[in-house]
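> Provided below for reference: sequence and predicted model.
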Amino acid sequence: MDLTRDPFRLGLWTVYPAQDRLERDGESMRIEPRAMEVLVYLAQNEGEVVSSDELIEAGWGQTHQGENPIYRCIWILRNVLEDNPRTPNYIKTVPTKGYRLVCAVQPLETAPLEIPEVNRTVSGKHRRYAVVSMIVLGLLATVILVQVFGEPQSARQSLAVLPFQNSTGDGENDYLAYGIADDVRLDLNRVKTLAVAEAVVSNSYQDNSVLLHNIGQNLGVKHILRGSISETGGLIEISASLIDVENERALWSDTERYDTTDIANIHVEITTAVTEALEVIPELNVSSNGLDDGAYLAYLRGLKYLRDSRGTDKLKQAVKEFEYALKLEPSSARANAGLCKAYLRLYVTSGRDTDYFEKAEKSCNRTKTLDRGFLGTPIALGILYREFGDTVQAQIYLNQVLELDPLNIEAMIELGETLAVANKKQLAEHTFKQAIELQPGYWTAQSAFGNFLFKQKKYVQAREHFQEVTELTPNSGRAFSNLAASYQMLADLNAAVEAYQKSLTLEPSRMVYTNLGLLYYGQDRFTEAAEMQLKAIELAPKDYRLHGRLADAYMFIDGQQQNAKRAFSKAIELAENHLKLNPTDWLTLAYLGVFHASAGDPNRAETLIRRAHAQSPDNPDIFFLEALMWAAMGQNELVRIRLERALELGYPAGLITSDPYINLLSDDADVGPLLKRLNNTSIP
């Protein structure tokens with residue numbers, strides 16, 4: 001049987017490849033030829049995982065350029081087949097790998113001579129359709145179903161929930177506007193016949209001047225839910241509308257007033273109205289998540305602080321709100337998951353304070369016994385296990401989410417982070433790109449991919465993504481800090497300082513202070529470098545790297561040698577504590593090797609460096625840190641050998657030539673010629 005020509009059966013459907021047509025129960029559906037080619041290729045490889053690259057090769061050959069069109073082809077097929085990606089009967093997404101046809105392909109002896117008249121029944125109403133599917137390569141690709149008789153109705157609905165506008169005149173109520181919209185999105189995400197876009201955080205989507213049609217195109221959805229909150233006579237007034245983006249017609253709209261003692265059920269009412277308007281049925285009962293009004297408001301405030309958190313103060317405020325919500329309602333899975341995420345972020349921003357990790361672990365484990373349908377639980381657990389160093393278990397939890405919701409951008413980003421930690425770089429890059437292709441305007445995906453590229457020493461590409469993030473979130477200090485770091489790696493120091501200063505005006509942070517300190521250190525401005533590291537330590541006193549960098553600066557300041565020794569001792573203490581939590585952390589192992597060498601313990605230093613290499617072979621950062629270790633021990637020939645290996649693996653020459661410890665060896669017979677050669681070569 002030639003599947004490119006001969007008809008075949010696929011579950012309830014009969015497929016006619018030569019006619020780009022599918023038939024079921026007397027109704028016939030035409031699809032775009034490229035989508036049929038994708039379906040045929042999957043059928044030819046029934047039961048096998050097929051990558052996006054293979055599918056592109058099969059449908060487009062070598063002529064395709066631009067954005068990956070496969071996601072839209074799969075979207076078309078699932079719409080026509082009425083296939084739910086969470087519990088697929090036809091096409092299953094295999095995260096980071098591709099797609100698999102899970103339905104048996106059976107031959108069809110004879111094909112009908114005539115194409116039957118289209119006659120589809122939807123919700124008891126007889127409607128007739130002809131399907132025209134078009135793929136537009138790029139962000140604006142949409143699936144368009146054109147109806148012959150009656151009003152447009154897709155076999156599978158798609159929508160985005162925009163952040164509700166806060167029209168109360170009080171910025172403190174932003175949490176309520178965002179929180180209600182986010183809860184509605186989470187509720188709708190449980191409806192298997194709905195494809196719900198991830199949370200939209202770009203400020204442009206709150207601007208009423210932005211055309212809904214353009215938003216729909218950018219997000220690849222057919223419907224948009226938008227709303228606003230205001231205050232009238234002491235009551236909260238909620239307005240919401242469900243819009244068909246193609247004709248900008250309201251399918252449903254309503255305005256209601258609520259007392260502050262009846263807030264917890266607002267999202268339930270909106271969700272119910274939306275599902276009725278779209279004629280879909282939730283598989284799970286929508287409820288107020290076990291929170292009374294006081295607990296619900298605290299939970300929403302916690303989400304606001306968590307969403308806006310770029311420093312420890314707001315994260316601690318998030319913890320306070322989540323804990324208050326749990327004091328009122330201890331069984332809330334969402335509040336427990338929020339608390340877990342807040343503690344995990346505190347763990348990272350504090351420089352790996354193990355107290356925060358233990359609290360995060362306790363909160364995450366509590367969520368296991370609560371609402372198993374809440375996808376925030378496995379995401380939080382995935383992050384937890386990644387930070388613990390168990391990337392295998394982390395991938396299991398995150399893949400569980402993607403099995404249920406293949407379009408979950410948050411899980412996709414966290415999976416990319418986990419794959420990167422597991423040194424699965426190609427899979428990580430593919431996962432980040434997939435997240436960006438699904439939602440190009442989602443700044444978190446752009447930032448995560450930029451960080452990944454930065455760690456791979458691809459500074460030019462990283463800078464491009466960080467620049468995009470600053471445009472998407474112009475008030476984010478961290479966005480400018482990341483951009484500054486990429487400029488710094490590219491030796492554009494003026495642009496780096498300007499971006500760091502912009503970041504400091506927006507939100508002072510540990511990252512900005514320590515990176516500025518490193519910049520000053522490389523310019524031999526050691527007193528200023530020490531001042532920056534001290535400011536960073538005030539914000540994250542348990543970050544061992546900050547104490548190590550402070551010690552480095554002190555070593556070059558007259559009269560500060562004793563302070564340098566104390567700083568090294570503190571760095572060693574904190575790093576050793578971190579290794580107790582995650583003994584496989586190669587970066588901590590390598591840094592600790594340098595610290596012990598500087599503190600006069602060469603045997604411990606060599607042991608730690610060997611362990612670091614074992615955890616991450618051929619890592620240029622480890623070879624550079626090993627060079628610093630040998631420099632502290634006076635083994636200059638080994639310094640040269642390790643620097644040359646670091647360069648071979650892609651370590652930036654500019655970082656080597658600007659390091660004060662390495663420059664002390666500029667007259668050395670082993671290291672001097674290498675530094676001279678690098679200084680005479682343009683910085684990559």
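Thanks, I have it. Residues are numbered from 1 along each chain as shown.
> from here on, contacts and neighbour counts on C-alpha atoms
Fine.
> surely K359 and R345 touch.
No: counting by Cα atoms under 8 Å, K359 sits too far from R345 to count as a contact (11.5 Å).
> the two: which has the busier surroundings?
Set side by side, K359 and R345 show more neighbours around R345, with 24 against 16, by other Cα atoms under 10 Å.
> thought the more buried one was touching K316?
No: checked against Cα under 8 Å, the pair R345 and K316 is beyond contact range at 9.9 Å.
> now do the closest residue to Y178 other than its chain neighbours against D170, distance only.
Excluding the flanking residues, the one nearest Y178 by Cα to Cα, 6 or more residues apart in numbering is P163, at 5.4 Å. Per Cα to Cα, to the nearest Å, P163 is found 16 Å from D170.
> those two - which one has more neighbours?
P163 (25 against 10).
> might one say that that one is in contact with I224?
No: the pair P163 / I224 is not scored as a contact, 10.7 Å apart, by Cα under 8 Å.
> which SS class is the closest residue to P378 other than its chain neighbours?
Excluding the flanking residues, the one nearest P378 by Cα to Cα, 6+ apart is Y397, at 5.1 Å. When classified by DSSP: H, G, I helix; E, B strand; the rest coil, Y397 comes out as helix.
> so what's Y397 up against?
By Cα atoms under 8 Å, 6 or more residues apart in numbering, Y397 lies in contact with P378, I379, L381, G382.
> for the stretch 251-400 of the chain, give me the ranges with low pLDDT.
Across the stretch 251-400 of the chain, the ranges flagged by pLDDT under 70 are 260-262, 281-292, 308-311, 371-374.
> over to the stretch 551-684 of the chain?
Applying pLDDT under 70 to the stretch 551-684 of the chain picks out residues 681-684.
> please repeat the previous calculation with a cut-off of 50.
Counting by pLDDT under 50, the stretch 551-684 of the chain has low-confidence residues at 682-684.
> distance between the ends of stretch 502-511?
OK, stretch 502-511 end separation, Cα to Cα: 13 Å.
> list the buried residues of that stretch.
Neighbour-count burial for stretch 502-511 flags K502, S503, L504, E507, P508, S509, R510, M511 (criterion: 16 or more other Cα atoms under 10 Å).
> the first one contacts A479, doesn't it?
No: with contact taken as Cα under 8 Å, K502 and A479 are classed as non-touching, separated by 10.0 Å.
> buried sites along the longest helix seen in the chain?
Counting residues, the longest helix found in the chain (DSSP state H) is helix 561-581. For helix 561-581, a neighbour-count test (16+ other Cα under 10 Å) marks 561, 564-565, 567-572, 574-578, 581 as buried.
> quick one: which of the residues you listed is nearest to V105?
Nearest to V105 among the buried residues of helix 561-581 is L581, at 50.3 Å by Cα to Cα.
> list the contacts for the closest one?
By Cα under 8 Å, 6+ apart, L581 lies in contact with T354, F388.
> and stretch 28-46, how far from the chain's centre?
31 Å (Cα atoms, centre = their mean, to the nearest Å).
> mean confidence for that stretch?
Across stretch 28-46, the average pLDDT comes to 85.
> over to stretch 166-180?
For stretch 166-180, the mean pLDDT works out to 82.
> CA atoms only for that stretch, dumped as CSV, please.
Provided in CSV are the C-alpha atoms of stretch 166-180 (Å, rounded to 0.1, in the frame of the first residue of the first chain):
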residue,chain,number,x,y,z
ASN,A,166,-6.9,47.7,36.8
SER,A,167,-9.2,50.7,36.5
THR,A,168,-9.6,51.3,40.2
GLY,A,169,-7.0,54.1,40.3
ASP,A,170,-5.0,52.2,42.9
GLY,A,171,-2.0,50.4,41.7
GLU,A,172,-2.2,48.1,44.8
ASN,A,173,-5.1,46.4,43.2
ASP,A,174,-3.0,45.1,40.3
TYR,A,175,-2.7,41.8,42.1
LEU,A,176,-6.5,41.3,42.0
ALA,A,177,-6.7,42.1,38.3
TYR,A,178,-3.9,39.8,37.3
GLY,A,179,-4.9,37.1,39.8
ILE,A,180,-8.5,36.7,38.7
